[in-house]
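In: below: sequence and its predicted model.
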Amino acid sequence: MEWSDSWRGAFRIELRAEAVNLAWHGWPVLPGTYPAGERWAGRDGVEDSGPVPVHGDWQERIGTEAEQVATWWTGHSYSILLATGHGVDAVEVSADLGRRAAVELRAAGVPVPIVATPEGRWMFLVASGGTPVTDPDVKHYGQGEYVPLPPSTGQVGVVHWRVKPQICAWHLPHVDVVRDALLQAADRTTTYGLVAADRS
């Protein structure tokens, strides 16, 4: 994605405000590289297909106070990365399965923060701990890993919230809650297909 200098300058303010807000709520955020033409900028000597931490010692910076976090975004439009395994984990699935699991969670009255990536992946944010989800179609991000948060940019679009953390008052569910919703969503796949066919 190509961004003008003036647009990126204005967008940096939004990124900074969101990073500070997340840090203020205790979420371990870090600055990540960002797309600049065909490459990712912000960390010299690092070639990658997506955002990576700007600081090589990023694991030592986890838990930085919001005031310091604000300084990280002073001069660059860094991506916002969430260091998982430190209070917040992420469960990533396809957009299709994510939509169906979100329906299950909504029906159960359980709000869960959900992030969608430009690449068509959905991430359910859950409290760290518990047994990780193990399934070939599911990726569980925990200790020593990170994921991008809104409004980080990618090569083909912007990471965005499907459900903001304010909806659940910043209280994250146990991973079992999301695992159950994913299982129910997978079980209902055929049923949803029949309902759609009946309505056509």
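Out: Thanks, I have it.
In: rest of the way, CA atoms for contacts and neighbours
Out: Noted.
In: end-to-end on stretch 153-172?
Out: 25 Å (CA to CA, to the nearest Å).
In: any idea of the mean pLDDT for it?
Out: The average pLDDT within stretch 153-172 is 93.
In: and for it, what's in contact with it?
Out: Stretch 153-172 has contacts (CA atoms under 8 Å, 6 or more residues apart in numbering) with 1, 25, 34-35, 38, 50-51, 79, 88, 111-119, 125-127, 148-152.
In: out of these, which are buried?
Out: 34-35, 50-51, 79, 88, 111-117, 125-127, 148-152 (16 or more other CA atoms under 10 Å).
In: remind me which residues of this structure are low pLDDT?
Out: The model of the chain has pLDDT under 70 over residues 1-10, 189-200.
In: now do the helices in it.
Out: 5-24, 66-72, 95-107, 175-187, 189-199 (DSSP state H).
In: check the offset of the fourth one from the chain's centre.
Out: In this case it means helix 175-187. 19 Å (CA atoms, centre = their mean, to the nearest Å).
In: same for it, what does it pack against?
Out: helix 95-107, strand 121-127 (3 or more CA pairs under 8 Å, 6 or more residues apart in numbering; DSSP states H and E).
In: could you redo the last one with a cut-off of 7 Å?
Out: With contacts taken as 3 or more CA pairs under 7 Å, 6 or more residues apart in numbering; DSSP states H and E, helix 175-187 sits against helix 95-107.
In: may I have the helix it packs on as CSV, with CA atoms only?
Out: Extracted in CSV, the C-alpha atoms of helix 95-107 (Å, rounded to 0.1, in the frame of the first residue of the first chain):
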residue,chain,number,x,y,z
ALA,A,95,-12.6,-15.3,8.4
ASP,A,96,-15.3,-17.8,7.6
LEU,A,97,-14.9,-19.8,10.8
GLY,A,98,-14.3,-16.5,12.8
ARG,A,99,-17.7,-15.1,11.6
ARG,A,100,-19.5,-18.3,12.6
ALA,A,101,-17.8,-18.5,16.0
ALA,A,102,-18.6,-14.8,16.6
VAL,A,103,-22.3,-15.7,16.0
GLU,A,104,-22.0,-18.4,18.7
LEU,A,105,-20.4,-16.1,21.2
ARG,A,106,-23.0,-13.4,20.5
ALA,A,107,-25.8,-15.9,21.0
